[in-house]
Every structure is written in structure tokens, then in C-alpha cells.
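Chemist: Sequence and predicted structure below; questions after.
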Protein chains: 2
Amino acid sequence: MLRLYDNHLSGNGYKPRLLLAHLGRAYDHVEVDILKGESRTPEFLARNPNGRIPVLELDDGTCIAESNAILFYLAEGSRFLPTDPLARALTLQWMFFEQYSHEPFIAVARHWIQHVEMSEAQRAQLPAKSEGGRAALAIMEGRLAESDWFVGAGMTIADIALYAYTHVADEGGFDLASYPAVCDWLGRVREQPGHVPM
Amino acid sequence: MLRLYDNHLSGNGYKPRLLLAHLGRAYDHVEVDILKGESRTPEFLARNPNGRIPVLELDDGTCIAESNAILFYLAEGSRFLPTDPLARALTLQWMFFEQYSHEPFIAVARHWIQHVEMSEAQRAQLPAKSEGGRAALAIMEGRLAESDWFVGAGMTIADIALYAYTHVADEGGFDLASYPAVCDWLGRVREQPGHVPM
């Protein structure tokens, strides 16, 4: 059976959890306590030398790291990953946007505010994190003002990737009410049959 | 004809340039002067609201942003993108690693040191950028000590994505001599027929 190394607070971990629920696929769930260093043990680093969850372990022990690569692997052959090469590229475009221009701001601000005692350096960087997060939300707002979904006519793994940290952006100090099209889209994702909360 | 909006100093722009050379595909090259704000004009933002190069424009005007999504689109059907679903996922795993755990440290340190006058805040963050970059290089070293290429038996877009900023990491203050397997791999990439320098 598939095994997911995960942490219940993590949006990156929630991405494959949400997709697996939509796909109706059973899996073993292994909780990894990041704050206690459990993603830095030799055993864990053998699965992902980068010391990050989520990690998907296949039946033969092969491990896939990086939440969005896991989404791509699991979604292949399903309605959540388009087959058309251009739609596929645009799906990946939004997923790389998520990891480069969204997560490092919105997820990191949330993590600092919610889960750790902020250092002096982190406190100094928080305004830049907030500014970057607002820029990402504005780009999403622009796209969602013209389309119900990021790519094509239904929910894809681009939506799942972006939903994970956007729907808890308020925990990072972001005021989602300023982004009405984003709020409508959050509702659409939440109302999909098979949805599970984080 | 394909059109690539690019900047000659950018490793992210070099990725599609290198792949297009290997594929032997002709394209129009449009130089965008980032430091002069040319990626922030209304015309450019209509192509990529995130205001970043590279952007690949197709014949019908459709634009694809995010260097690694562009690589995936261009490599489809070629030897640079495996067809096996697991190999494909691992290719993407290394490409997401590149954008999250490598580029924000190695490329950003290089950019600050080479191309801009560092602000006080940037100077304060430089040690953390160096530490993160060394961690990424150590992970690459571990993989390349056991395999000639990141995925499978030949060069893929995972190698191209990681080569772009690794081969100029010295410009970001990184001492590549500490990573012998990485140095050997850089040589293998450089010696591929059809290689073009940055």
C-alpha cells in the first residue's frame, strides 16, 4: 500500500492527502513531528535527503519527495491532470508559481506566526513575506476573475497545490476578503464531492 | 515560431535556451532588461502577471511562464523527459527541489553579489543564503556520488534545471571544489553534443 510521510499541520502534506481522498485511494499515514526533528533522523533522510515532508513511499520502497511532484505522480491518468501538453505545462506553471512565489511567503509567514517563536531575523523579514504573499494573492485574483479554475474547466492539481496554503492564509496574517475571486474559488474547491479538510 | 522572452544573465532563462539548442529548435529571442524594469511593463505583465522571465510564447500567442514548466513543455516526446510515470515524477521532484531549495539560495546569492548593490537587509540574509546553498549542493553531491545523472541513464530536464545555476555557483561565493561528484557531473553536462554556454 502507498505510505505517506506527513505532518498534520503542513499544507504541503495536505496536498497529497486531499488528492488521495478525491481519488479514493487508501494509504498508510505516518505522522512526522517536524518540530521535534523527526524529519532529520538518518532513517528519514534515507527517504528524502532534503529532510522535508511529504514523502510518498511506494510498495517497493521507492520514495518520491516534493509535494507537487507527488501530486503529478498520483494524478496521472485521472481528471485532475490534463492530458493536452499545453494544459499540462500550464498546470505545472501554476505549481511552480506556488512553490516559488506563494509558499515561501504565505506558508512561511503562517509557520512563523503560528508554530514557532519568531527570531529577530524572522521578525525583520515578516513585512517582506507579507508583501510577497499579497503579490501572489493578487496574481491568483487576476486569474480567478476570468476563470473558475486555474487550468481548463475543472479542478486540477494546480488548484489543489494552490488551495493548500491559500485557504489558511489568514493564519499568516493575510486578509482574504480583499480577494473576492480567490474566496469564491476556495468555496468551489471546498464544495467538490470527496473534499476533506486539512 | 517560438519566442523566448529572456535575459542573458539569467540561469532560469538559460534553461530553455540550453534545451532548445539540444533539440535543434529555432526560436526568436527577445532580451528583457530586468534591472531596467522591462519585466514590469503592462505589455510584459500581460504575458506573465508574475513579471518574471523566461516566458515562452507560442505561435498563437499563448504564453507559458516558469522556467521548469517551459522545460517540461519543450521536452515532451524527446529523450530529455522520461515516459515512465515514476521516472517522470522523480524528474519533477528534482525540478521542484531546484526551485525551492537551490535557486532561492544559490541564484539569489549570485544575483546579490554580482548584479545589484546589496541592501542592509540582503547583507544580513547572505549567510543564510550561503548555508542553504551549501545544503542544496550537499544533497546533489549525495545523489551524483551514486549516479551519473539525476534520473535514469542520461541527461534529462532535471539535469538542465539544476545545471543552470550550479555551474555559476562560484559567482555566488560557493566553492564547488568541495563537491567533486557535482564537478564531474557539470563536466558531463558540458560535454553533451549540442551544448551551448550560458
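Modeler: Alright, I've got the coordinates. On a predicted model such as this, the values are computed, not experimentally measured, just so you know. Residues are numbered from 1 along each chain as shown, chains lettered A, B, ... in the order given.
Chemist: Counting by contacts, list what the biggest helix by length in chain A packs against.
Modeler: For chain A, the longest helix by residue count, based on DSSP state H, is helix A:120-144. On a contact count with 3 or more C-beta pairs under 8 Å, 6 or more residues apart in numbering or on different chains; DSSP states H and E, helix A:120-144 meets helix A:103-115, helix A:157-166, helix A:180-190, helix B:120-144. For glycine as for every other residue, the C-beta is placed from the backbone atoms N, C-alpha and C.
Chemist: how big is the angle separating it from helix A:103-115?
Modeler: Here helix A:120-144 runs at an angle of 130 degrees relative to helix A:103-115 (axes from the mean of the first three to the mean of the last three C-alpha atoms, to 10 degrees).
Chemist: And the contacts of helix A:120-144?
Modeler: Identification of contacts with helix A:120-144 by C-beta atoms under 8 Å, 6 or more residues apart in numbering or on different chains yields A:97, A:101-102, A:104-106, A:108-109, A:112, A:116, A:118, A:150, A:162, A:166, A:169, A:172-174, A:176, A:178-182, A:184-185, B:49-50, B:121, B:124-125, B:128.
Chemist: related to what we said a few turns ago, determine which of the helices and strands packed on helix A:120-144 approaches A:H29 most closely.
Modeler: Among the helices and strands packed on helix A:120-144, the nearest to A:H29 by C-beta to C-beta is helix A:157-166 (16.4 Å).
Chemist: near chain B, anything from that closest one?
Modeler: No. Shown here: helix A:157-166 not in contact with chain B (C-beta under 8 Å from any C-beta of the partner chain), separated by at least 10.3 Å.
Chemist: Could you figure out how far that helix is turned away from helix A:103-115?
Modeler: 30 degrees.
Chemist: I'd like the average pLDDT over helix A:157-166.
Modeler: Averaged across helix A:157-166, the pLDDT comes to 98.
Chemist: Out of the contacts of helix A:120-144, which end up buried?
Modeler: A:97, A:101-102, A:104-106, A:108-109, A:112, A:150, A:162, A:166, A:169, A:172-174, A:179, A:181-182, A:185, B:49-50, B:125 (16 or more other C-beta atoms under 10 Å in any protein chain shown).
Chemist: Would you mind naming what in chain A lies close to chain B?
Modeler: Applying C-beta under 8 Å from any C-beta, one finds that chain A approaches chain B through A:49-50, A:58, A:62, A:64-70, A:72-73, A:76, A:85-86, A:88-90, A:92-93, A:95-97, A:99-101, A:103-104, A:121, A:124-125, A:128, A:139, A:142-143.
Chemist: gap between the residue in chain A sticking out farthest from the centre and B:A124?
Modeler: Going by C-alpha atoms, centre = their mean, the residue of chain A most distant from its centre is A:E120, 27.3 Å out. To B:A124, A:E120 is 10 Å away according to C-beta to C-beta, to the nearest Å.
Chemist: about what we covered before: could you check how far the longest helix of chain A is from the centre of its chain?
Modeler: Relative to its parent chain, helix A:120-144 has a centroid offset of 16 Å by C-alpha atoms, centre = their mean, to the nearest Å.
Chemist: between that helix and helix A:180-190, what angle do the directions make?
Modeler: With the same axes, to 10 degrees as the basis, helix A:120-144 and helix A:180-190 are set at 80 degrees to each other.
Chemist: Give me the buried positions along helix A:120-144.
Modeler: Within helix A:120-144, the residues scored as buried using 16+ other C-beta under 10 Å are A:122, A:125-126, A:129-130, A:132-137, A:139-141, A:143-144.
Chemist: do stretch A:154-173 as well
Modeler: A:155-169, A:171-173.
Chemist: What of stretch A:146-155?
Modeler: Neighbour counts over stretch A:146-155 (16+ other C-beta under 10 Å) mark A:W149, A:F150, A:V151, A:G152, A:M155 as buried.
Chemist: Ok, stretch A:17-37 next?
Modeler: Neighbour counts over stretch A:17-37 (16+ other C-beta under 10 Å) mark A:R17, A:L18, A:L19, A:L20, A:H22, A:L23, A:Y27, A:V30, A:V32, A:I34 as buried.
Chemist: A:L71 is in contact with the fourth one, correct?
Modeler: No. Applying C-beta atoms under 8 Å as the test, A:L20 and A:L71 come out as separate, 9.9 Å apart.
Chemist: For A:I113, give me the pLDDT.
Modeler: pLDDT, read off for A:I113, is 94.
Chemist: For the helices and strands packed on helix A:120-144, give me a markdown table that also has distance to B:H195.
Modeler: Putting the helices and strands packed on helix A:120-144 into a markdown table (distance: least, C-beta to C-beta, whole Å) gives the following:
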| stretch | distance to B:H195 |
| --- | --- |
| helix A:103-115 | 32 |
| helix A:157-166 | 33 |
| helix A:180-190 | 43 |
| helix B:120-144 | 18 |
